[in-house]
Every structure is written in structure tokens, then in C-alpha cells.
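build the 3D model from these lines:
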Amino acid sequence: MASKYPGLPLLSAEELHHELLPELLQWSLTNGLTIYPSDFKSYECNVINMTVYPTPMPRNSFEAAIDVQLEYNKLYATIAQDADGWLSKETQKLSEFDPDFTGKLWALYLKAKEIGMTQKIGMGIFRSDYLIDGDNAQIKQVEFNTVSVSFGGLSSKVSELHSYLNASGKYANGKRFYDLEVPISNSAECITNGMANAIKKYNAVSKAKDSIVVFVVQKSERNVFDQRLLEYNLFKQHGILSKRLTIHEIHTKIILEPTKKKLYLKSTGQEVGLVYFRAGYTPNDYVTEQDWENRLLLETSFAIKAPNLLTQLSGTKKIQQLLADKSILSRFASSDEIEKLYATFVKMYPLDESELGKEGKRLALEEPSSFVLKPQREGGGNNIYKEDIPKFLATIPEKDWSAYILMELIAATPTNGNVIAREGELVTEPILSELGIFGCVLFDDKNIYDNVRSGWLLRSKIAVSNEGGVAAGFGCIDSPVLY
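Residues are numbered from 1 along each chain as shown. Reported below is the predicted structural model:
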């Protein structure tokens, strides 16, 4: 039985500014809950935007999201396993409408296939994001992320912070405010365990003893501390070393052995067992033709990729929209799995010439207030909301509308009374919270070797803001208190 909604602490403005805020900032700086500012120097950092209090969340909703993650991991691994089947067919069609990015990734995959891909093992480090429907407290999926999922490191830290502030009486003048659970995400540990399992698998098939992980990162990455936590955990818990490289550096820092297609660091001769992409999800990461060639080099190598190109392409919004059709979903999931997965879906429409697409166009133009328009792009700031949809569509040729999907907005209920700490200032506004569940899956073309839930992330944004990307500057990280 669900507990009563717990409410939030009622500290005065003076208590917040002079007592709680210094505690929050100093704990965060001590424990690395940080991000680089824009135009940063390497010795400067800011405390990341976060809520002061954990946000109340129904336990049933939280547990339902965690429970279905194994089905989602399996679903996307199964889709990627069918290399020459449904995913390839749909991505081929989509590439014609999004030639600048999906089209280039698809062309790169075809080129890699022509050259020959020697490694059949792939890894997914996924995150499935949900809002809680306000009418019935059911989780509804916002998106499924297959590449460069962020905050697996820092999500553990913010729940530790909120748990500490509660248990030490900082929320209630020396007394514990919440008797309910403020769960601590184990995402940093779980994700590095998944990466270590991939290295173990690689070492077994490659006869290597101590292969390393290459983190492919963006130049001037602001969210570096989130990534570094995973790197340091890899070494501390598993003795596995890692190396950070940008896509642009690959051809100068990596050697591809021509016969077995193994990767080695030029400087040390260390063998690369896993390539983990924290970049490559946006066309901005591929500045020159050499950058595309470098991605091709990695794709055709014997190293395991997290993700490989086909797994990355399975995460497009178009694939998410198509999977909302039970007849398509049934190709990749059992009847029991379908019911669990389908319960998390909202209505989604293409904007093509199909009957469903024609209805999508009508809704986009005549009833846009209930929808969001999504392109095939990752990262914050790419979506078009409500009344802006018809205005945006009027600026592009109708033949290009097929590059977008129309998704029903989820009627999440804002939380009142929480406070966002942002750059040393406090902001009190109603917020909306999005729950992300991490998962790791290791598979080849026939088998799934490892399929695990890998912790969670809660992100919140001011309710009047459409976007919620933390690193992109739209939101903050948070943690739940369960009732």
C-alpha cells in the first residue's frame, strides 16, 4: 500500500541561504558533484545544478520503471542482432529524410559492412526515460537512449547527498525529515561492472590479458566529472585502465592491426578491448571527413563497441515510433514482454504519406497543443513543442516532415515546493521530474550474454520549460523520495 504523499521541508529563506545551501555546496565540491562552466580552465569547476530536496515519487511508479528495464535491454539488443532485417530496412528509409546525420551514419555502416566487421559482440549502455502520467501514476516513456547516456556517475552522488542531508537533520533543524526511503542509485558501480564484463569477454576471445577501455569524448567536455567517475571505478574495482580520446584524435593515437583488426594505443602498445562512446551522437561531433573515417576505423576493428553503429541507429525516434505498433513489436518480444513494454508507450505518429502519417500531419497542424515534434537527434534543445509545431513545419518542405515524429505529451503533475540550486542561487518554481533507468546488455548476433538493470537518474526542470537537458543547461539533477 502506498504511503501518504510526504510533502517537502519548509525551511525559511534565511535557513536555506545561510545554513542549507553552504552544506549542499561544500558536500558537492568535496564529493565531485560538479561540472565545468562554459569557457572553462581545467582547474575551475561549478557545482552542478540540482534540487535542494529529493522529489516525492510513488514507489510503484519507480519500481515499475526499474522492473521493465530488462525487457527494454533485450528488445533493443534483439533489434540490433537482426543486422540485415527490419532495422536496416527502416533505417535505409529514414536516411533519405535525414541525410545530414542518420544518412551519414547509415552510409558509414554500409561501408563498414563492405569492408568487413570482425567483432560480432556488441554492448548497449542504455537509458530509458519516463515521465509519470498524472492521471494514473503510470510511467510513460519519453525516449530510449542507445548512445552516450549521461549521469551514470553523478546520479549516484546526488542521491547520496540528499540521503545525507536528510539523515543528518539538515532539512529539519537537527531532526530527520523523511522517514521514507531516499534510495541511492548504484549506477556508477553497475555501469562499470557492465563495462568490465565486456572487457572480460573481449579478453577471453582475443587472448588478451589486460585490454583497456577507450572513452570517445567531445573536445572541451564540460560533463567530464560524470565520465571520470566511471573511469576511476573501472580501475579501482576491476583494475581496468582507460584512455580518453576525441573522435578527431583516433587516427593519430590509435593503430589498427591489419590482419586481426585489433586496436592498440600508439604511445603504449596497450590493446583496446572496449570503445565507449560519450560522443558521436550529434553531427557537431564530426567536423571533418577524417572524423567520419575515424568512426569507420573503430567500427571495423575487433574491439567491442558501446554502441556499434547499428545499435546506435536503433535508438532513433523513428524506431521508437514504429515499436509502438504491436504488430512490429511482436517480431522482437514475447506476448508477456509486449504487455509490459506497451504499457509504457504513448501515442506516436509519423509525418509521412501513410494513413497514420496523414493523421499525424492533421494533429500537428490542427491540434498541436497536446504534442511534441521530435527529430532524429540526441542531446537537449532539439524538440519543438505545442503551438510552435505548425510554425516550424511551415519553414521546411513537406517532403522533409518524414524526418520527424509527433509524440503525445505526457500529462505529468508538477511538484511544488522544491528548490533548485543553480550557480549558488536558489530558484523556487514548480518542477517536472523525469526518471531514467540505466541498463547494460552484452550480446552478439545470436546470444545475449549479460542483461542487467544498472541504476537510475532523476532529472527535473522548471515546469514552464520545455527542455530538460542538464548539461545543455535546461534542467537539474535530482533524486526521489519514495512514498
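
could you use CA atoms for every contact and neighbour count after this?
Fine.

from what I can see residue 9 touches residue 169, true?
No: contact between residue 9 and residue 169 fails when scored by C-alpha atoms under 8 Å: they sit 11.0 Å apart.

which residues are in contact with each of the two?
residue 177 (C-alpha atoms under 8 Å, 6 or more residues apart in numbering).

ok, how many other residues are close to residue 172?
Close neighbours of residue 172, defined as other C-alpha atoms under 10 Å, add up to 16.

same thing with residue 185?
25.

and what of residue 213?
Using other C-alpha under 10 Å as the criterion, residue 213 is surrounded by 26 other residues.

one more: the one 4 residues further on?
Residues lying near residue 217 (other C-alpha under 10 Å) number 21.

Validate this expectation: residue 259 resides in a helix.
No: Residue 259 sits outside any helix when classified using DSSP: H, G, I helix; E, B strand; the rest coil, being coil.

distance of it from residue 268?
Residue 259 sits 20 Å away from residue 268, going by C-alpha to C-alpha, to the nearest Å.

same check on residue 224?
For residue 224, the distance to residue 268 (C-alpha to C-alpha) stands at 23 Å.

neighbour count: those two, which is higher?
Neighbour tally, residue 224 and residue 268, criterion other C-alpha under 10 Å: the higher count belongs to residue 224, 15 against 8.

just give the closest residue to that one, not the sequence neighbours.
Distance criterion C-alpha to C-alpha, 6 or more residues apart in numbering; nearest residue to residue 224, sequence neighbours excluded, is residue 35 at 6.9 Å.

who's in contact with that neighbour?
With C-alpha under 8 Å, 6+ apart, residue 35 has these contacts: 45-48, 222-225.

could you flag which of those residues are buried?
45-48, 222-223, 225 (16 or more other C-alpha atoms under 10 Å).

in JSON lines: the residues you listed, plus secondary structure and distance to residue 205.
Below are those laid out as JSON lines (DSSP: H, G, I helix; E, B strand; the rest coil; distance: C-alpha to C-alpha, whole Å):
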{"residue": "45", "secondary structure": "coil", "distance to residue 205": "41"}
{"residue": "46", "secondary structure": "strand", "distance to residue 205": "43"}
{"residue": "47", "secondary structure": "strand", "distance to residue 205": "42"}
{"residue": "48", "secondary structure": "coil", "distance to residue 205": "41"}
{"residue": "222", "secondary structure": "coil", "distance to residue 205": "36"}
{"residue": "223", "secondary structure": "coil", "distance to residue 205": "33"}
{"residue": "225", "secondary structure": "helix", "distance to residue 205": "32"}
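
closest one to residue 458 out of the residues you listed, please.
Residue 458 lies nearest to residue 48 out of the buried ones among the contacts of residue 35, by C-alpha to C-alpha, at 13.7 Å.

let me know the pLDDT of that closest one.
Residue 48 is assigned 97 on the pLDDT scale.

so how far is residue 421 from it?
Taking C-alpha to C-alpha, one finds residue 48 at 8 Å from residue 421.

likewise residue 330?
45 Å.

neighbour count: these two, which is higher?
Taking neighbours as other C-alpha under 10 Å, residue 330 and residue 421 compare with residue 421 leading, 21 against 13.

now that one, what are its backbone angles?
The phi and psi values for residue 421, taken as degrees, to the nearest 10, are phi -90, psi 120.

could you find the closest non-adjacent residue to residue 292?
According to C-alpha to C-alpha, 6+ apart, the nearest residue to residue 292 is residue 286 (6.3 Å).

for the one you found, give its distance to residue 250.
12 Å.

again with residue 126
24 Å.

neighbour-wise, which of those two wins?
Shown here are residue 126 and residue 250; by other C-alpha under 10 Å, residue 126 has more neighbours (29 against 20).

which of the three states applies to that one?
Per three-state DSSP, residue 126 ends up strand.

same deal with residue 460?
Going by three-state DSSP: residue 460 is strand.

am I right that it is in contact with residue 433?
Yes: counting by C-alpha under 8 Å, residue 460 touches residue 433, with 4.2 Å between them.

in this structure, which helix is the longest?
helix 187-206 (DSSP state H).

in that one, what's buried?
187-203, 206.

for stretch 244-257, same thing?
244-248, 250-251, 254-256.

which one of those residues is nearest residue 77?
Nearest to residue 77 out of those is residue 247 (C-alpha to C-alpha; 24.8 Å).

if we ignore the residues flanking it in sequence, what's nearest that closest one?
residue 291 (5.8 Å).

need the three-state assignment for that neighbour.
When states are read from three-state DSSP, the local structure at residue 291 comes out as helix.

beta-bridge partners for the residue nearest to residue 224, please?
Residue 35 has these beta-bridge partners by DSSP bridges: residue 46.

quickly note the distance from it to residue 127.
Counting by C-alpha to C-alpha, the gap from residue 35 to residue 127 is 21 Å.

and residue 426, by the same measure?
29 Å.

these two: who's more crowded?
Counting neighbours by other C-alpha under 10 Å for residue 426 and for residue 127 shows that residue 127 has the greater number, 29 against 17.

I'd say that one and residue 438 touch.
Yes: in this structure, residue 127 is within contact of residue 438 by C-alpha under 8 Å, at 4.3 Å.

re the thing from before, and the buried ones among the contacts of residue 35, which is closest to residue 14?
For the buried ones among the contacts of residue 35, the nearest to residue 14 is residue 47 (20.7 Å; C-alpha to C-alpha).

low-scoring stretches of the protein, by residue?
1-2, 377-381, 465-474 (pLDDT under 70).

which residue lies nearest the spatial centre of it?
Per C-alpha atoms, centre = their mean, the C-alpha nearest to the average position across the chain is that of residue 149, at 3.1 Å.

so which helix or strand takes in that one?
Element membership for residue 149 (DSSP states H and E) is empty, with no helix or strand holding it.

for residue 433, helix, strand, or coil?
On the three-state scheme (three-state DSSP), residue 433 is labelled strand.

go ahead and confirm it touches residue 131.
Yes: assessed by C-alpha under 8 Å, residue 433 is found in contact with residue 131 at 6.8 Å.

so for the two, which sits in the more crowded spot?
Remark: of residue 433 and residue 131, residue 433 carries more neighbours, 28 against 25, as counted by other C-alpha under 10 Å.

check contacts around the more buried one.
55, 131, 414, 458-461.

with distance to residue 86 as extra columns, can I get these in a markdown table?
Converted to a markdown table, the contacts of residue 433 look like this (distance: C-alpha to C-alpha, whole Å):
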| residue | distance to residue 86 |
| --- | --- |
| 55 | 40 |
| 131 | 29 |
| 414 | 39 |
| 458 | 33 |
| 459 | 33 |
| 460 | 35 |
| 461 | 36 |
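
which of those residues sits closest to residue 273?
So of those, ranked by how close each gets to residue 273 (C-alpha to C-alpha), first place is residue 458, at 31.1 Å.

for residue 408, see how far away the closest one is.
Taking C-alpha to C-alpha, one finds residue 458 at 21 Å from residue 408.

just residue 189 next, same as before
According to C-alpha to C-alpha, residue 189 stands 35 Å off from residue 408.

again with residue 329
From residue 329 to residue 408 the distance is 19 Å (C-alpha to C-alpha).

what's the answer for residue 193, then?
On the measure of C-alpha to C-alpha, residue 193 and residue 408 end up 36 Å apart.

one more: residue 84?
Residue 84 is 31 Å from residue 408, where distance means C-alpha to C-alpha.

same question for residue 382.
16 Å.

tell me which of those two has more neighbours.
Taking neighbours as other C-alpha under 10 Å, residue 382 and residue 408 compare with residue 408 leading, 17 against 13.
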